[in-house]
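Engineer: one predicted model, sequence on top.
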Amino acid sequence: MRHELLDNRAKWVGIVALALAAGLYRVASGMWWTDLPNFSPAMAMAFCCGMALPGVLGFALPIAILFASDLVLNFHYHMPLVSISMAGVYACYLIAATAGGYLRRSGFLALAGATLANSLLFYVVTNSLAWIGNANYPQTAVGWVQALTVGQPGFPPTWMFFRNSLLSDALFTVLFVIVVLRLQRPSAAFKPAVA
């Protein structure tokens with residue numbers, strides 16, 4: 001019984017540490033490594049925390065880390081610390097965590113499909129919010145398509161943000177899953193000796 005408690009504690013500490021590292025990476029990449037916009041572990045963290053952590057913890061931990069990192073980034077860029085558009089962004093993260101909870105024991109194809117769906121949902125929601133909230137976009141179907149494809153003149157096309165999100169979501173989901181699977185193995189120190 002004692003070894004199970006230690007294994008579970010190590011697993012939870014490892015997952016929390018991994019989620020905190022993802023939050024720190026998100027802040028660092030948002031402040032200093034800006035060559036790859038939207039290349040972030042945020043969605044993968046929400047999805048995998050939903051998969052790896054029980055109950056409300058699978059939702060609360062990634063949302064708390066994402067909110068803290070948003071506060072730091074918004075302060076750094078002199079943006080409002082909280083905005084109404086954050087509700088749509090956090091809804092995407094909650095959906096990803098929920099999907100992770102449902103796909104806890106699923107295979108590769110289900111995880112790959114959910115990763116793609118999470119990326120696509122985030123892309124459509126965030127670019128739709130930009131279309132609604134930015135006066136530079138015409139409030140027409142053509143303006144919405146512009147927000148989803150080429151974006152605003154003078155900025156990289158929005159499809160590049162989707163590409164970076166999809167690549168980072170796939171990469172970080174694979175890394176999270178590998179680490180979580182490794183953490184779920186029983187500790188070698190507590191394996192009974194074979195006589």
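Structural biologist: In hand now; what should we look at?

Engineer: just the helices in this structure please.
Structural biologist: Along the chain, counting by DSSP state H, helices occupy 2-31, 42-52, 57-76, 85-102, 108-133, 141-148, 158-184.

Engineer: can you say which of those helices is packed in most?
Structural biologist: Compared across the helices of the chain, helix 42-52 shows the largest average neighbour count, a mean of 28 (mean count of other CB atoms under 10 Å). C-betas here are computed from N, CA, C, even on glycine.

Engineer: so which elements touch the worst-scoring helix or strand of the chain on mean pLDDT?
Structural biologist: Taking mean pLDDT, DSSP states H and E as the measure, the chain has helix 2-31 as its least confident helix or strand, at a mean of 80. Of the remaining helices and strands, those touching helix 2-31 by 3 or more CB pairs under 8 Å, 6 or more residues apart in numbering; DSSP states H and E are helix 42-52, helix 57-76, helix 158-184.

Engineer: and the residue nearest the centre of the chain, what's its pLDDT?
Structural biologist: Within the chain, one residue has its C-alpha closest to the average C-alpha position: by CA atoms, centre = their mean, that is M43, at 1.5 Å. pLDDT for M43: 97.

Engineer: swap in A189?
Structural biologist: Value listed for A189 in the pLDDT field: 48.

Engineer: swap in F67?
Structural biologist: Here the pLDDT value assigned to F67 is 95.

Engineer: how about the contacts made by it?
Structural biologist: With contact taken as CB atoms under 8 Å, 6 or more residues apart in numbering, F67 is in contact with Y90.

Engineer: and it, how far from F176?
Structural biologist: Taking CB to CB, to the nearest Å as the criterion, F67 is separated from F176 by 19 Å.

Engineer: equivalent analysis for C48, please.
Structural biologist: Separation of C48 from F176 (CB to CB): 4 Å.

Engineer: hang on, the earlier thing: want to throw the helices and strands packed on helix 2-31 into a markdown table with distance to V124?
Structural biologist: Formatted as a markdown table, the entries for the helices and strands packed on helix 2-31 read as follows, by distance: least, CB to CB, whole Å:
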| stretch | distance to V124 |
| --- | --- |
| helix 42-52 | 13 |
| helix 57-76 | 19 |
| helix 158-184 | 9 |
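
Engineer: among the ones you listed, which comes closest to G151?
Structural biologist: Using CB to CB as the measure, helix 158-184 is the one of those that comes nearest G151, at 4.1 Å.
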